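1. Show me the folded form of this:
(chains A and B)
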Amino acid sequence: EAQVTQNPRYLITVTGKKLTVTCSQNMNHEYMSWYRQDPGLGLRQIYYSMNVEVTDKGDVPEGYKVSRKEKRNFPLILESPSPNQTSLYFCASSTGGQGHYEQYFGPGTRLTVT
Amino acid sequence: AQSVAQPEDQVNVAEGNPLTVKCTYSVSGNPYLFWYVQYPNRGLQFLLKYITGDNLVKGSYGFEAEFNKSQTSFHLKKPSALVSDSALYFCAVRDRSGGYQKVTFGTGTKLQVIP
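-> Below is the predicted model of the structure:
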């Protein structure tokens, strides 16, 4: 089954404790992206990757890191989480090309930072 | 910079009536436009997209959207609403003029279909 998986689905942590949210897709997609969803703000893009070893900032990259060492994986790293990073996070992937391909979304990771 | 506006936080419609969820956009070049739907406690699912050509685009579950370049709009429509259509709807844009890597979403519109 074609899918995007994220782990963990739920996470409660404390300020400053480094964490990683994993994302994996089995569709051989070139493009992968991370978003956060907050009430009243919709989805905002954090980082995206056009292919292995090619990443770039989205609209809200501060406090986050990513890496793309393998085509299927695109982990999101919070080196020193803060309460304002409490949010619902989504990973997505799509075929590359010229941007007219729809994205496939993971189920989401609900992060709470206390 | 590109942007998307969904002016209505919530739209209420009676079952069987037509529905419209509004979206306007701003890009420097020509857009790729998308609609996604999010059911409670789920990720987003693709509904339909506009790339080029016919301004009326048909998608999943009987939804369609009309691209209007002069009004920079891409409103989502359905002739007859179902209770099961109740969900959160997001419009998204990619500027095909070199900035297509970035995707900008609107703030979402909650659709409530009343039985």
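2. Count the neighbours of A:Glu1 for me.
-> Using other CB atoms under 10 Å in any protein chain shown, A:Glu1 is surrounded by 3 other residues. For every residue, glycine as well, the C-beta is placed using N, CA and C.
3. How about B:Gly59?
-> Using other CB under 10 Å, B:Gly59 has 18 other residues around it.
4. tell me the phi and psi of it?
-> Phi and psi for B:Gly59, reported as degrees, to the nearest 10, are phi -140, psi -150.
5. same question, B:Tyr61
-> The phi/psi pair for B:Tyr61 (degrees, to the nearest 10) is phi 60, psi 30.
6. Where does pLDDT dip in the chain?
-> Looking at chain A here, since you left the chain open. With pLDDT under 70 as the threshold, chain A has low-confidence stretches at A:97-99.
7. was after chain B, sorry
-> By pLDDT under 70, the weakly predicted segments of chain B are B:97-100.
8. Get me the contact residues on it for chain A.
-> Residues of chain B lying near chain A by CB under 8 Å from any CB of the partner chain: B:6, B:32, B:34, B:36, B:42-46, B:49, B:51, B:90, B:92, B:94, B:96, B:100-108.
9. Now residue 85: closest residue in space that isn't a chain neighbour?
-> I went with chain A, as the question did not name one. Closest residue to A:Gln85 apart from its sequence neighbours, by CB to CB, 6 or more residues apart in numbering or on different chains: A:Val113 at 5.4 Å.
10. Please refer instead to chain B.
-> Leaving aside its sequence neighbours, B:Asp85 sits nearest to B:Val113 (CB to CB, 6+ apart; 5.2 Å).
11. Would you mind confirming that the one you found is in contact with B:Ala14?
-> Yes - taking CB atoms under 8 Å as the definition, B:Val113 is a contact partner of B:Ala14 at 7.5 Å.
12. Show me which residues of chain A sit near chain B.
-> Within chain A, the positions lying close to chain B (CB under 8 Å from any CB) are A:4, A:31, A:33, A:35, A:40-45, A:48, A:50, A:56, A:58-59, A:90, A:92, A:98-100, A:102-108.
13. To what extent is B:Asn12 buried, counted in neighbours?
-> Using other CB under 10 Å, the number of residues around B:Asn12 comes to 12.
14. show me the contacts for the closest residue to it other than its chain neighbours.
-> Distances taken as CB to CB, 6+ apart put B:Gln112 closest to B:Asn12, at 4.8 Å, once the chain neighbours are dropped. Contact analysis of B:Gln112 by CB atoms under 8 Å, 6 or more residues apart in numbering or on different chains lists B:10-13, B:86.
15. List only buried entries from the residues you listed.
-> With burial judged by 16 or more other CB atoms under 10 Å in any protein chain shown, the buried subset of those is B:11, B:13, B:86.
16. Dig out what the second one forms beta bridges with.
-> The reference is to B:Val13. Counting by DSSP bridges, B:Val13 is bridged to B:Val113.
17. surely it meets B:Lys110?
-> No - taking contacts as CB under 8 Å, B:Val13 lies outside contact range of B:Lys110: 11.6 Å.
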